[in-house]
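K.L.:
My questions concern the predicted model and sequence given below.
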Amino acid sequence: MVRKFSLAYLTLPGVEPLEQIEIAAQAGYDYVSLRTIPMGQEGEPQICLEKDPILFKKVQAALKTNNIKLMDIELVRIKEDLVTDYRKAFECGAELGATDVLSSVWTDDKNFAIEQYGKICETAREFGLTINLEFPIISGLKNLQEVLEIQEKVAAPNLKILMDMLYVYWAGVNSKEIKGINPQKFGLLHMCDCPKGEQTREKVEIMRGDREYCGQGVIDLKDIITALPANNCSIESPNYKYIEKYGRLGHAKHCLENAKKVFAEAHA
């Protein structure tokens, strides 16, 4: 399998989907990953393609014009006060060619999360979509074991584990642990690195605006990726300093170049 790379929304925070598609194509990515299920974050474009048929058509045309595919949409969040029906968002994503959906848990009620994932995975399966569950350190699931427990109890074949390198590192996951898990349980990878001196920084600050280029930080990426199956990657590496220095396109290019270099050196 030849590993493919996608440009995640968060790598260029605040970017509109049409610009993101153009940048991904110009920078040499195979795919683009769009945030079409908004999080309501201040300063972000609130994109709901199911409510904006004109933008949907523009996105569809931009993907075709730029000869790039949509890999995944985000972000499904599991929380008691958020919507639970994502059918229309899934339908739009699938029509645009997406194969995957990103998700995370923002409640401590594991039973609620299990119940919701059962419904969400069933809906996603109707559209041929795989749900990828990540474990941000500030979310309701903070480590790999907790995600495995949810995955086992939901027992949906289209529920996979999203391995974001930053959260893998903070959770202390190592290659030995990964190799002990059925590789079919894993889904997409999110590639980035953790900056040096991170102990003196707020984790949220690093997560959302100061991730390092792959191979330039403190994570032993080669050890991790060689233990994982050769699944596709989405590069999620926001860094406001680099965006200011190189511009959005330049930053996207540097992200891809550094990630490919790490994979080449690891023969992964």
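P.N.:
Cool, the structure landed. Residues are numbered from 1 along each chain as shown.
K.L.:
For Val59, give me its contacts.
P.N.:
Taking C-beta atoms under 8 Å, 6 or more residues apart in numbering, we find Val59 in contact with Pro17, Leu18, Ile21, Leu34, Leu49, Leu96. Using the backbone N, CA and C atoms, a C-beta is placed for each residue, glycine as well.
K.L.:
Now, of these, which are buried?
P.N.:
Among these, those scoring as buried are Pro17, Ile21, Leu34, Leu49, Leu96 (criterion: 16 or more other C-beta atoms under 10 Å).
K.L.:
which one among those residues gets closest to Ala252?
P.N.:
The shortest approach to Ala252 among the buried ones among the contacts of Val59 belongs to Ile21, at 11.5 Å (C-beta to C-beta).
K.L.:
Just give the nearest non-adjacent residue to that closest one, would you?
P.N.:
In this structure, Ile21 finds its nearest non-sequential neighbour in Ala62, 4.5 Å apart by C-beta to C-beta, 6 or more residues apart in numbering.
K.L.:
hang on, the earlier thing: sitting in helices, which of the buried ones among the contacts of Val59 do you find?
P.N.:
Judged by DSSP state H, the buried ones among the contacts of Val59 include Pro17, Ile21 as members of helices.
K.L.:
Among the buried ones among the contacts of Val59, find the lowest-pLDDT one for me.
P.N.:
Across the set of the buried ones among the contacts of Val59, Leu49 stands lowest in pLDDT, at 95.
K.L.:
What segments of the stretch 151-268 of the chain are strands?
P.N.:
Secondary structure of the stretch 151-268 of the chain (DSSP state E, counting those that start in this stretch): strands at 159-164, 186-191, 233-235.
K.L.:
Please apply the same query to the stretch 1-150 of the chain.
P.N.:
With strands called from DSSP E, counting those that start in this stretch, the stretch 1-150 of the chain shows them at 5-7, 31-35, 69-78, 100-105, 130-133.
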